[in-house]
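> got a predicted structure plus its sequence, pasted below:
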Amino acid sequence: MRRPRHSLQVIALSVFIVATFVAPQVLARDVRAVIVQPTDQSRAALQKTVSKALQRESVLLSSDALTQDSTLTIEPVRVRDPQGNAIYDQSVRVEHFHLVRSWWRCILIHERTGERFKLSHTKCVAKP
């Protein structure tokens, strides 16, 4: 049985509308996010993840890191000589990370390398 031509046009138009307006939002996996209800475990997971990404033994993070904004900036420690003058290590650079919600996971992305790290014990929501 053949379908009327206008029926096929309606189907084609429907597919076009879904593909253009609905699918990109549904299929968009990474959405900028912030941490909600941070715990000692989630803070430790974030600190461990950033340390691993930067190949450092430890990094110092504020207790509200990634709770207000989806971007995390890690600056080098300002070392001073005995006279109080700042000593700059050119090999240490400012590093940037951003948090995304990918499906139901909280993922920290190291901007310089593009490396992705799943944050354990962490709840995050799409940034409003």
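Right, received. Where do you want to start?

> neighbours of Thr49, how many?
19 (other Cβ atoms under 10 Å). C-beta here means a position set from N, CA and C on the backbone, and glycine is covered the same way.

> contact partners for it?
For Thr49, the contacting residues are 108, 117, 119, by Cβ atoms under 8 Å, 6 or more residues apart in numbering.

> now do the strands in the protein.
30-36, 71-74, 79-80, 86-87, 95-102, 105-110, 116-118, 123-126 (DSSP state E).

> show me what stretch 54-71 is in contact with.
Residues contacting stretch 54-71 (Cβ under 8 Å, 6+ apart): 32-36, 38, 43, 46-47, 50-51, 72, 74, 77, 95-100, 124, 127.

> buried subset of those?
Taking 16 or more other Cβ atoms under 10 Å as the criterion, what is buried in the contacts of stretch 54-71 is 33-35, 38, 43, 46, 50, 72, 74, 95, 97-100, 124, 127.

> how many residues are close by the residue nearest to Asp81 when sequence neighbours are not counted?
Nearest non-adjacent residue to Asp81, counting by Cβ to Cβ, 6 or more residues apart in numbering: Ile87, 5.6 Å away. Ile87 has 8 neighbouring residues, counting by other Cβ under 10 Å.

> I figured Ile87 hits Pro76, correct?
No: using Cβ atoms under 8 Å, Ile87 is not in contact with Pro76; the gap is 10.4 Å.

> helices along this protein, start to end?
5-17, 23-27, 40-54 (DSSP state H).

> rank those by pLDDT, which is bottom?
Out of those, helix 23-27 stands lowest, with a mean of 49 (criterion: mean pLDDT).

> name the helix or strand of the chain that has the lowest mean pLDDT.
Among the helices and strands of the chain, helix 23-27 carries the lowest confidence by mean pLDDT, DSSP states H and E, at a mean of 49.

> just list the residues touching the residue nearest to Asp81, thanks.
So Ile87 contacts 79-81 (Cβ under 8 Å, 6+ apart).

> okay if I get these as CSV plus neighbour count?
Formatted as CSV, these follow (neighbours: other Cβ atoms under 10 Å):
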residue, neighbour count
Val79, 11
Arg80, 9
Asp81, 8
